[in-house]
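Trainee: quick one: sequence and predicted model below, then my questions.
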Amino acid sequence: MRRGREIAIAAVAVSLLGVAGCGGGSGGASSQASAEKASLTRQEWVDKANEICHDASEKKVAKMTAYQNAHDYNVGEPSVHEREAVNTSVVLPNVQERIEALEALPVPPGEEAKIRAILRSMESGIREAEAHPENLAIPKQPIPFKESEHLAGAYGLLFCGMP
């Protein structure tokens, strides 16, 4: 009887190993189903991206006001130097946060190149604004982000391409 119990325990252990080995590997039907479930349609991606960028824009405005108040800047008519400081300390990090959040979204099949172009143009805008902060400090002239505004707008993104 003891021998029968040992065989039963061994059989359960072997079957548990078999179950543990199923579904966890790369490839296979379960991995493909998970990838399909995780992907978004273009419109779903645009909706999620717009939500991310709208929320980031609201946070940016609050942080800009707090920064200006903390540094005793004239909120209504900041100088070019003050705008440069706010842009460097608040705006550019906010754009980087948007890029990271957008990169975390599953990309719709066939949209990879368009989305990558938008994100790379946003990164390019950050680099240009860091190299020439005066270009971003000109009111209503976000020259460093001109391409990203165009690409994002053409894709249906309302707040993502602008700083």
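Mentor: All right, it came through fine. This structure is a prediction, so every number in the text was calculated from the model and none was measured.
Trainee: can you give me the helices in this structure?
Mentor: Ranges of helices in the chain, per DSSP state H, are 2-21, 28-38, 42-70, 80-86, 92-103, 112-131, 133-137, 146-155.
Trainee: buried residues of the third one, list them for me.
Mentor: Neighbour counts over helix 42-70 (16 or more other CB atoms under 10 Å) mark 42, 45-46, 48-50, 52-53, 56-57, 60, 63-64, 67-68 as buried. The way it works is simple: take the backbone N, C-alpha and C, and place the C-beta from them, glycine included.
Trainee: what's the closest of those residues to residue 115?
Mentor: Closest approach to residue 115 among these (CB to CB): residue 45, at 7.4 Å.
Trainee: I'd say that closest one and residue 109 touch.
Mentor: No - taking CB atoms under 8 Å as the definition, residue 45 is not a contact partner of residue 109, at 10.6 Å.
Trainee: mind listing what residue 159 touches?
Mentor: Applying CB atoms under 8 Å, 6 or more residues apart in numbering, we find residue 159 in contact with 50, 53-54, 56-57.
Trainee: residue ranges with poor pLDDT in this structure?
Mentor: Low-confidence segments of the chain (pLDDT under 70): 1-37, 75, 139-142.
Trainee: dump the contacts of residue 159 to a markdown table, plus distance to residue 135.
Mentor: Listed next are the contacts of residue 159 as a markdown table, based on distance: CB to CB, whole Å:
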| residue | distance to residue 135 |
| --- | --- |
| 50 | 26 |
| 53 | 21 |
| 54 | 25 |
| 56 | 21 |
| 57 | 20 |
